[in-house]
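Chemist: Below is the sequence, then the predicted model.
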Amino acid sequence: MDYKKLSGSGNTFVIINNIPQEKINPKELAIELCAKEKTDGLLLIEPSNICDFKMRIFNRDGSEAEMCGNGSRCAAFFGWKENLAENKMEIETLWGRIKAIASGDLVKVMIGEPKDIRLNIMLNTHFVRVGVPHTIVLVDDVDNVDVFGLGRKIRFDILFEPEGTNVDFVEVILENKIKIRTYERGVEDETLSCGTGSCASCYIFNLLNKTHFPTIVEARSKEFLNVYFEDNRFYLEGRVKEIYS
């Protein structure tokens, strides 16, 4: 089966055009291809009756996610490059319909709205759902955090059962800039970037009057994302590139 590898600011995906709707087992395929290509997830592009196309997201462990910010940007870039849509498009996801604009390799997507906001669930720790659950931890020095150890402990904490949570460790740099490292549920490790985690973190620290929108996010990859918040919806913008083996 033909596929491509894309990176959204360091978040990597195998992406397959399944508009013909070939019979596949996406969970098994995600586990196989993500291990083979060392990527964070699998994106399936399928036909949609309400949008330009549908995007399904499968994590490295085969679980299906409702939403993925950087995955959505990669899907939009792919859809535009493969002539599945114009540069302005709508994508169907389990989270709902999202809008996207591809301007060359710079892709901006509408992520959705924040839900289930819980501040101070633990010391310097907060929670918000941006399509998927995110627990945000404020730290003084994000470069020296045990993201795997602490992230895994929080991810499986009884407080977040049964679905678990993604965990974002965040350092506030300026009023309009943060640095973030993320332990991703389903990948079960740190990823080099997380789009929904970036949106979730920017929102929480805006609520706490530590930052303002628009916010620049420095990912672990050292690439940058821009997060906007308009009409109670997030917009995520950053670079996408194809990875050649």
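Modeler: Nice, I can see it.
Chemist: In PDB, could you pull the C-alpha coordinates for stretch 75-90?
Modeler: Provided in PDB are the C-alpha atoms of stretch 75-90 (Å, rounded to 0.1, in the frame of the first residue of the first chain):
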ATOM      1  CA  ALA A  75      -3.900  16.000   6.400                       C
ATOM      2  CA  ALA A  76      -4.700  19.500   5.000                       C
ATOM      3  CA  PHE A  77      -1.300  19.800   3.300                       C
ATOM      4  CA  PHE A  78      -1.700  16.300   1.900                       C
ATOM      5  CA  GLY A  79      -5.200  17.000   0.600                       C
ATOM      6  CA  TRP A  80      -4.100  20.200  -1.100                       C
ATOM      7  CA  LYS A  81      -1.000  18.600  -2.600                       C
ATOM      8  CA  GLU A  82      -2.900  15.500  -3.800                       C
ATOM      9  CA  ASN A  83      -5.700  17.700  -5.400                       C
ATOM     10  CA  LEU A  84      -8.300  16.300  -3.000                       C
ATOM     11  CA  ALA A  85      -9.300  19.900  -2.100                       C
ATOM     12  CA  GLU A  86      -8.600  23.500  -2.800                       C
ATOM     13  CA  ASN A  87      -6.100  25.300  -0.400                       C
ATOM     14  CA  LYS A  88      -9.100  26.300   1.700                       C
ATOM     15  CA  MET A  89     -11.000  23.200   2.800                       C
ATOM     16  CA  GLU A  90     -13.100  21.500   5.400                       C
END
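Chemist: Off-centre distance for that stretch?
Modeler: 18 Å (C-alpha atoms, centre = their mean, to the nearest Å).
Chemist: Buried residues of it, list them for me.
Modeler: Ala75, Ala76, Phe77, Phe78, Gly79, Trp80, Lys81, Leu84, Ala85, Met89, Glu90 (16 or more other C-beta atoms under 10 Å). Any C-beta I mention is one placed from the backbone N, CA and C, and that applies to glycine too.
Chemist: now, the most widely separated pair of those residues?
Modeler: The distance between the two most remote of the buried residues of stretch 75-90 (C-beta to C-beta) is 17.0 Å, for Lys81 and Glu90.
Chemist: just to revisit the earlier point, quick one: which of the buried residues of stretch 75-90 is nearest to Lys115?
Modeler: Distance to Lys115 across those (C-beta to C-beta) is lowest for Glu90, with 20.9 Å.
Chemist: and that closest one, what is it in contact with?
Modeler: Counting by C-beta atoms under 8 Å, 6 or more residues apart in numbering, Glu90 touches Ile50, Cys51, Asp52, Arg97, Ile98, Lys99, Ala100.
Chemist: Counting neighbours, which of these end up buried?
Modeler: Using 16+ other C-beta under 10 Å, the buried ones in these are Cys51, Asp52, Ile98, Lys99, Ala100.
Chemist: Give me the three-state assignment for the third one.
Modeler: Assigned by DSSP: H, G, I helix; E, B strand; the rest coil, the conformation of Ile98 is strand.
Chemist: Show me the helices in this structure, by range?
Modeler: 26-37, 69-81, 147-155, 195-207 (DSSP state H).
Chemist: And the ones you listed: which comes nearest Leu44?
Modeler: With respect to Leu44, and counting by C-beta to C-beta, the nearest of those is helix 26-37 at 5.9 Å.
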